[in-house]
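Q: sequence isn't available, so here's the structure alone:
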């Protein structure tokens, strides 16, 4: 299974105000810290992407597309980047290029309660049999991500934001910074480890 984010989050798990408080950045009365605000906001987004990539979860609501080479033999399809909020569409394209959209409730059911969200076939039904289009014939579009990220995740992001804000460039030539970066990375991964999911 392959997947991609088609609509990124419009709201980050860590607010700009919280990040500025964490790095002790006060607003300049003259400049208003406009340049620094943009920098910190970029660091927030980068921290989220880093944590999402490590843990395999969506830390804020976003639209995701999963692509399969065909429907599985089993009745269940687990969807990447939990938690799953909703499924917007399930479509498949046959060898002629015709696209068919399945109907939720009739052709598949959505499980948003499990740690890893999934879609399953109802009792007595199976996934469609068809001759698939050569590239990504099955597409599942869905919404994933926390509506409010846990404090542990937010703290992991703040650790990264603070470290990156203090170190604007590569720091491995400075004595002692290798150890510091290792500690930051270890602390971040330790905080994120309880949310980490692994895919086959």
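A: Nice, I can see it. What you are looking at is a predicted structure, and each value in this text was computed from that prediction instead of being measured.
Q: what number of residues lie near the residue nearest to residue 117 when sequence neighbours are not counted?
A: Computed as C-beta to C-beta, 6 or more residues apart in numbering, the closest residue to residue 117 that is not its neighbour in sequence is residue 84, at 2.2 Å. C-betas here are computed from N, CA, C, even on glycine. Number of residues near residue 84 (other C-beta atoms under 10 Å) recorded here: 25.
Q: what do you get for residue 26?
A: Neighbour count for residue 26, taken as other C-beta under 10 Å: 9.
Q: same thing with residue 78?
A: 20.
Q: any idea how far it is from residue 68?
A: As judged by C-beta to C-beta, to the nearest Å, residue 78 and residue 68 stand 11 Å apart.
Q: now swap in residue 82 and tell me
A: Counting by C-beta to C-beta, the separation of residue 82 from residue 68 is 17 Å.
Q: now residue 149
A: 28 Å.
Q: with residue 193 instead?
A: Residue 193 is 29 Å from residue 68, by C-beta to C-beta.
Q: neighbour count: these two, which is higher?
A: Neighbours of residue 193 and residue 68, each counted by other C-beta under 10 Å, are more numerous for residue 68; the result is 17 against 12.
Q: by contact count, what packs against the strand ranked longest in the chain?
A: Determined from DSSP state E, the single longest strand within the chain is strand 84-93. Helices and strands touching strand 84-93, by 3 or more C-beta pairs under 8 Å, 6 or more residues apart in numbering; DSSP states H and E, are strand 99-101, strand 109-111, strand 118-120, strand 138-144.
Q: hmm, 7 Å instead?
A: Counting contacts by 3 or more C-beta pairs under 7 Å, 6 or more residues apart in numbering; DSSP states H and E, strand 84-93 packs against strand 99-101, strand 138-144.
Q: so which of these is nearest residue 54?
A: Judged by C-beta to C-beta, the one of these that comes nearest to residue 54 is strand 138-144, at 16.2 Å.
Q: if we can go back for a sec, gap between the longest strand of the chain and the chain center?
A: Offset of strand 84-93 from its chain centre (C-alpha atoms, centre = their mean, to the nearest Å): 16 Å.
Q: that strand pairs with which strands?
A: Neighbouring strands of strand 84-93 in its sheet, by DSSP bridges, are strand 99-101 (antiparallel), strand 138-144 (antiparallel).
Q: how far off centre is the next helix or strand along the chain from the longest one?
A: Going back to what we said before, that points to strand 138-144. Next along the chain after strand 138-144, taking DSSP states H and E as the criterion, comes helix 151-166. Put simply, helix 151-166 sits 17 Å off its chain's centre (C-alpha atoms, centre = their mean).
Q: show me what the closest residue in space to residue 111 that isn't next to it in sequence is bridged to.
A: Closest residue to residue 111 apart from its sequence neighbours, by C-beta to C-beta, 6+ apart: residue 118 at 4.8 Å. Per DSSP bridges, the residues bridged to residue 118 are residue 78, residue 111.
Q: numbering from 233 from now on, please.
A: Will do, 233 is the new start, and the previous item becomes residue 350.
Q: state the distance from residue 350 to residue 387.
A: When residue 350 is compared with residue 387 (using C-beta to C-beta), they lie 29 Å apart.
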